[in-house]
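Peer 1: Here is my input, please return the structure:
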Amino acid sequence: MVESSKPRKQRKHRYSAPLHIKRHFVRAHLSKEARDKSNVKRRSAQVAKGDTVKIMRGGKRGTTGKVARVDINRGFLYLENVTRKNARGREFQIPIRPSNVYITELNLSDKLRSSKLLGSGDIDGKEGK
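Peer 2: Down below sits the predicted model:
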């Protein structure tokens, strides 16, 4: 991450990082069943739209839902069935930090993502050396 051990500088790095770096901050652990089912050797993966996650912390603990969108800039996830009503009665999705969830089912419809997770090729889709 950052060379400095000072929390202030580390927070500044996370806040002012470009988007291609911030996308690495939106990661969550994979459940044991998801790792076995999809044959992934990693412990964690980047959360993507379409993944099924389970909330482990907070007031909505235990809720399982599909990821509706991922806000890379703010570092939040939004689930389809996790909503709240405001004073006017309008429903909106609650932002959830990726550190408070774990992935129960991966969305492997994207060929590039599946090749990276399953380790079958390089980022360009080419085989390794």
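Peer 1: Just give me the longest strand of this structure.
Peer 2: Using DSSP state E, we find that the single longest strand of the chain is strand 76-85.
Peer 1: Pairing partners for the next helix-or-strand element following that one, with directions?
Peer 2: Reading on from strand 76-85 to the C-terminus, the next helix or strand found by DSSP states H and E is strand 91-96. In the sheet, strand 91-96 lines up against strand 76-85 (antiparallel) (DSSP bridges).
Peer 1: averaged over its residues, what pLDDT does the partner strand have?
Peer 2: Looking at strand 76-85 alone, the average pLDDT works out to 96.
Peer 1: Sort out which residues of it are buried, please.
Peer 2: With burial defined by 16 or more other Cβ atoms under 10 Å, the residues of strand 76-85 counted as buried are 76-79, 82. (Each C-beta comes from the backbone N, C-alpha and C, glycine too.)
Peer 1: which stretches of this structure form strands?
Peer 2: According to DSSP E, the strands that the chain contains are 27-30, 44-46, 52-55, 64-71, 76-85, 91-96, 101-105.
Peer 1: Surely residue 45 touches residue 117?
Peer 2: Yes - counting by Cβ atoms under 8 Å, residue 45 does reach residue 117; the two are 6.1 Å apart.
Peer 1: So for these two, which residues contact both of them?
Peer 2: When Cβ atoms under 8 Å, 6 or more residues apart in numbering defines a contact, the residues bordering residue 45 and residue 117 alike are residue 106.
Peer 1: Can you list the buried residues in the worst-scoring helix or strand of the chain on mean pLDDT?
Peer 2: Comparing helices and strands within the chain by mean pLDDT, DSSP states H and E singles out helix 111-118 as the least confident, with a mean of 89. Under the neighbour-count criterion of 16+ other Cβ under 10 Å, helix 111-118 has 114-117 buried.
Peer 1: Just give me the closest of the residues you listed to residue 24.
Peer 2: In terms of Cβ to Cβ, no member of these lies closer to residue 24 than residue 116, at 12.6 Å.
Peer 1: Against residue 47, how distant is the closest one?
Peer 2: Residue 116 sits 14 Å away from residue 47 when distances are taken as Cβ to Cβ, to the nearest Å.
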